[in-house]
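Student: what shape does this take:
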Amino acid sequence: MTVRGDDGDIRGGSEVRGKTGGDGEALRGGGAGRGFPRRTNARGEHPPRTGTPGKPVLMVLAGSLCISASAVFVKLSGTSAGTAAFFRCAIALLVLVPLALAERRTAGPRAWRLRRLDLAAGVLLGIDYVFWAAAIHSVGASIATVVVNIQVVIFPLLARVFTRTPVPRRFVVATPVMLLGVALASGAVGAPAAGSDPVTGAVFGLVAGFGYAGYLFLMRLGGGQGHTVGPVCTSTAAAAAAAALLGGAWTGIDFSLDARAWGWLTALALVGQVLAWLVMTPALPRLAPNVGAALLLLQPVMAIGLGVAIGERPTASQFGGCVLVVLVVWGVGRGSGRRGARSGS
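Tutor: Residues are numbered from 1 along each chain as shown. So this is what the prediction gives:
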């Protein structure tokens, strides 16, 4: 697999570790760029280093909260999986297109090779949205968000295979515990919530998780390069097309919605699509794959709390799974924080 480097050359997958984001930070590991010369900007100056990963961590957490709320918006809208997925993207484009055009005037056009990554990522995101909305109807907003986070395992493995990014031993050890927490929270292990369909919901959630992991991986490869809105806009347009095809063929897309449904779908688009990904897209390339994936795993925990707020009642074992997830995320992030501190000293 090849990726376009900063100087316009085509480089092998192993070289992506030296690719820089929009602020000049190397994407290797946690962004320290050890072993690679520092990049210079157009004037030959060295951009300032950021010795701590704190800002991108906070940005990913903020984006995760927005995405966690998305499941609640889907459920409250009362619409089908195809309808929710399509309008989530279509309404968001009304905001993203003008912002992307403005960014293009200031930052210049985005390279076509990078736009192809954005388009491919968007197709996977559209598949994720349709199956995730279907999982919400099967097992509830909070539990569907838990199950889809199988991406926490897939994402670092994709990075390992295609970009040779090392997977720390701490993450390898923590992965089975993460999966146990996800299984408990979904109801696949232990007692499921009354009225849910955990098997169907788990299948839909797993398919969505694979699509989500692929989206995150491709967006990380194409991240930076001075563009933030453009990649989100392109991937959202591709996701709308994919959701229209898949969702239209599966559940249909309903255009005759009442004011309440339109209101929740608008909130879904503005919070869960525009705000969430404008915050997360520039932050994810600055974090090591295992750190980013672990932080994103907080989404199901936040979703559990929001689900309770709208009347969902997970069982004790499901709550226990969420607690387990929080502890594992804290452990992985704590170890990564130590490494980041050493690299920045």
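Student: the bottom helix or strand of the chain by mean pLDDT?
Tutor: Lowest on mean pLDDT, DSSP states H and E among the helices and strands of the chain sits strand 10-12, with a mean of 36.
Student: tell me the helix or strand right after that one.
Tutor: Sequence-wise, the next helix or strand downstream of strand 10-12 (DSSP states H and E) is helix 54-77.
Student: may I have stretch 88-100 exported as PDB, CA atoms only?
Tutor: Once non-C-alpha atoms are left out, stretch 88-100 reads as follows in PDB (Å, rounded to 0.1, in the frame of the first residue of the first chain):
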ATOM      1  CA  ARG A  88     -27.100  12.300   9.000                       C
ATOM      2  CA  CYS A  89     -24.700  12.900   6.200                       C
ATOM      3  CA  ALA A  90     -26.900  14.800   3.800                       C
ATOM      4  CA  ILE A  91     -27.900  17.500   6.300                       C
ATOM      5  CA  ALA A  92     -24.300  17.800   7.500                       C
ATOM      6  CA  LEU A  93     -23.200  18.600   3.900                       C
ATOM      7  CA  LEU A  94     -25.200  21.800   4.000                       C
ATOM      8  CA  VAL A  95     -22.700  23.000   6.600                       C
ATOM      9  CA  LEU A  96     -19.600  21.200   5.500                       C
ATOM     10  CA  VAL A  97     -19.600  22.200   1.800                       C
ATOM     11  CA  PRO A  98     -19.400  26.000   2.400                       C
ATOM     12  CA  LEU A  99     -16.700  25.400   5.100                       C
ATOM     13  CA  ALA A 100     -14.700  23.200   2.800                       C
END
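Student: for the record, mean pLDDT for that stretch?
Tutor: Stretch 88-100 carries an average pLDDT of 96.
Student: find the nearest non-adjacent residue to S186, please.
Tutor: The shortest distance from S186 to any non-neighbouring residue, by C-beta to C-beta, 6 or more residues apart in numbering, is to V147 (4.6 Å). Backbone N, C-alpha and C define where each C-beta goes, glycine included.
Student: and for T79?
Tutor: A261 (5.6 Å).
Student: where exactly do the helices run in the stretch 51-200 of the chain?
Tutor: 54-77, 81-107, 112-139, 141-147, 151-163, 169-186, 198-221 (DSSP state H, counting those that start in this stretch).
Student: ignore the last one, the stretch 201-345 of the chain
Tutor: Going by DSSP H, counting those that start in this stretch, the stretch 201-345 of the chain shows helices at 229-250, 259-267, 276-280, 289-296, 298-309, 316-344.
Student: number of residues surrounding W112?
Tutor: When neighbours are defined as other C-beta atoms under 10 Å, W112 has 8 of them.
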